[in-house]
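Undergrad: below are the sequence and a predicted model; questions follow.
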Amino acid sequence: QVQLVESGGGLVQAGGSLRLSCAASGRTFRSYAMGWFRQAPGREREFVARISRSGAWTSYADSVKGRFPISRDNAKNTVYLQMNSLKPEDTAVYYCAASEGWGTQEHEYNYWGQGTQVTVSS
């Protein structure tokens, strides 16, 4: 069992930055690929970014590529999402998730955090 707790959300102006953190419980954090997803009001949850177990591999949704680097610190059991050049359309609840596999679909992720709200004002 892995418990995930996100933090770092908030209200920011367009063009600003936020860094989301996701702290994982347990000693098996490095056994999981990690991902970030988001859900805007009235929309389905969508993939944002993922990172491999070692951190060597990452991939991104086209909408955030070049703006939202994902990273992880296995010694701290934490995954990060640095959000730069934020746009109003980035407003959403952001979730981190842990996967025993390696994918971009929700069903490929085994554990989820409770989410953190990010609001970008214009």
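TA: Here it is on my side, so go on. Numbering: from 1, shown residues only.
Undergrad: center of this protein - which residue?
TA: In the chain, the residue lying closest to the centroid (C-alpha atoms, centre = their mean) is residue 36, at 2.5 Å.
Undergrad: what's the spacing between residue 93 and residue 53?
TA: As judged by C-beta to C-beta, to the nearest Å, residue 93 and residue 53 stand 26 Å apart. Where you see a C-beta, it was placed from the backbone N, CA and C, and this is true even at glycine.
Undergrad: and for residue 8?
TA: The value you get for residue 8 to residue 53, if C-beta to C-beta is used, is 22 Å.
Undergrad: over to residue 5?
TA: Summarising the geometry, the distance separating residue 5 from residue 53, computed by C-beta to C-beta, is 20 Å.
Undergrad: can you check residue 46 too?
TA: Between residue 46 and residue 53 the distance, using C-beta to C-beta, works out to 23 Å.
Undergrad: got a list of what residue 32 touches?
TA: Listed by C-beta atoms under 8 Å, 6 or more residues apart in numbering, the contact partners of residue 32 are 2, 24, 53, 98-100, 110-111.
Undergrad: then residue 4?
TA: Counting by C-beta under 8 Å, 6+ apart, residue 4 makes contact with 22-25, 96-98, 111-113.
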